[in-house]
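**Q** Requesting a structural model of the entry that follows:
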Amino acid sequence: MMLYLKRILKRYLPPKVKTFLKEFIVKHDIDFGRKAKQTKAAISVQNQYNLTPLQAAAKIIVFLVPNDAEISGGLLSIFQFVNFTREIEKNAVCIISTIPGKYTYEKMILFKNSEQIYRWEQVITSCHQCSELILHVPEYFASFFYGFLSRRDLAVLRALPKLRINILNQNIDYMPSRESLYSLYSLTSDVSQSAGFERYANQDVCDKFGMPLYFVPSYINLDDCVVKEFSEKKKLILFSNDQHSDKKRILSRIQDEFIDYEIREISGLTYAKFLELIAQARFVISFGEGFDGYYIQPYYAKSIGISVYNDRFFPDSAMCDFPFVYSSFEEMYEKVCDDIRRVKDSKEDYEEISSSVHSYLVRTINHPEKTVVGLKNVYDHKVTYCPDGQARHT
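**A** Numbers count the residues shown, from 1 in each chain. Next comes the predicted model:
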């Protein structure tokens, strides 16, 4: 019943109300029924972990993740960051832990990986020999982190010879206000952010939050992408489960214009099923960040992504002139049906668009070597931007 209620609220509430509720749920660690059962089972598995390497480590690097096993581009990227970090910091122990709070899980089953997921209690009680702890905190949780710490947690963290907190700013829209992050400085003066997109890896964003900024471009392994040729694709138009005020009327117009097409929301899938589904579809519409997996990954499947341009996530303003990239949702409403109609039955035109955008994406984004350099800079304190008036670390 609670899961059904959660879905109803997600679908119908205005965006500002949903944002408020999301923050309220995170702040108060509210459960909708599933997480309590998940946690009980997870703890029994986590209690079997061998904590000796963690307890003996002089340097520990922890990537914190949400306490509910839901897939996102940011989470996929974090798992890659962990793999790269282990190659860079060979003398450190690097693990993934759920955020502090009542709930946890032991294994991410929605995409292929071999990671053990620890719970925060295991981290904080294993710092016996630790002289340096680096915490990578997701941006949406950064302002809540201090409030979730117990007195024991605070004592342990403040007693560490060296503590670093790096905020994973993977979505600038979720980054908390500067003032809400002041509590972190009561734990350590070494607080930084790593920007996942080049468009907001700049001096202005650095100064806005008053902390050093590293550019660590997001990376997702696309080797598992499913590819289907034009002749194999179905009359299927997919759309993201993000909320937008123009979403309903855009989808209604598409459905009215293309009655022989299935119009389907992407929701509740494993990553493998997501990849299979977008390869089957001819078109995939993003109603979220815009330059996200709903727009990008269809091109790796020889499909076409549809989106609205913004200057926060798209790497280049020239993309505003790309086919199926619109300047606004109003323009999408006005033009998308004509654009779909123009290429939906033309193999040559369809493949030309899909291939040209794919070539651009391959040249422009998702280069693992750049992500490795960015992470190495974090661990070496080689700051990309320093706040105005602050000296760089040496």
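**Q** quick one: average pLDDT of stretch 263-279?
**A** Per-residue pLDDT values across stretch 263-279 average out to 96.
**Q** Dump it to CSV, keeping only the CA atoms.
**A** What follows is the C-alpha trace of stretch 263-279 in CSV, where atoms were taken according to Å, rounded to 0.1, in the frame of the first residue of the first chain:
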residue,chain,number,x,y,z
ILE,A,263,4.3,5.3,-25.8
ARG,A,264,5.9,3.9,-22.6
GLU,A,265,7.5,5.3,-19.4
ILE,A,266,10.9,4.0,-18.4
SER,A,267,10.6,2.9,-14.8
GLY,A,268,11.5,0.1,-12.4
LEU,A,269,14.0,-1.6,-14.7
THR,A,270,17.4,-3.1,-14.1
TYR,A,271,20.2,-1.5,-16.0
ALA,A,272,20.4,-4.4,-18.4
LYS,A,273,16.7,-4.2,-19.2
PHE,A,274,17.0,-0.5,-19.6
LEU,A,275,19.7,-1.0,-22.2
GLU,A,276,17.7,-3.6,-24.0
LEU,A,277,14.6,-1.5,-24.1
ILE,A,278,16.2,1.7,-25.5
ALA,A,279,17.7,-0.4,-28.2
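**Q** what does it contact?
**A** Taking C-beta atoms under 8 Å, 6 or more residues apart in numbering as the criterion, the residues outside stretch 263-279 that touch it are 71, 76, 109-112, 224-228, 233, 236-241, 251, 254-255, 284, 293-294, 297-298, 301-303. For every residue, glycine as well, the C-beta is placed using N, CA and C.
**Q** list the buried ones in that stretch?
**A** 263, 266, 271, 274, 275, 277, 278, 279 (16 or more other C-beta atoms under 10 Å).
**Q** Show me where the stretch 251-394 of the chain has its helices.
**A** Under the criterion DSSP state H, counting those that start in this stretch, helices of the stretch 251-394 of the chain are mapped to 271-280, 293-300, 329-343, 347-364, 368-379.
**Q** just so I have it, where are all the strands in the protein?
**A** In chain order, the chain shows strands spanning 59-65, 93-98, 117-118, 132-138, 163-169, 191-195, 213-215, 236-239, 262-265, 283-285, 304-308, 325-326, with DSSP state E as the criterion.
**Q** among the ones you listed, which is nearest residue 204?
**A** When the strands of the chain are compared by C-beta to C-beta, strand 213-215 sits nearest residue 204, at 10.0 Å.
**Q** What helices and strands are in contact with the closest one?
**A** Identification of packing neighbours for strand 213-215 by 3 or more C-beta pairs under 8 Å, 6 or more residues apart in numbering; DSSP states H and E yields strand 191-195, helix 368-379.
**Q** and these, which is most packed in?
**A** The densest packing among the helices and strands packed on strand 213-215, expressed as mean neighbour count by mean count of other C-beta atoms under 10 Å, is seen in strand 191-195 with a mean of 24.
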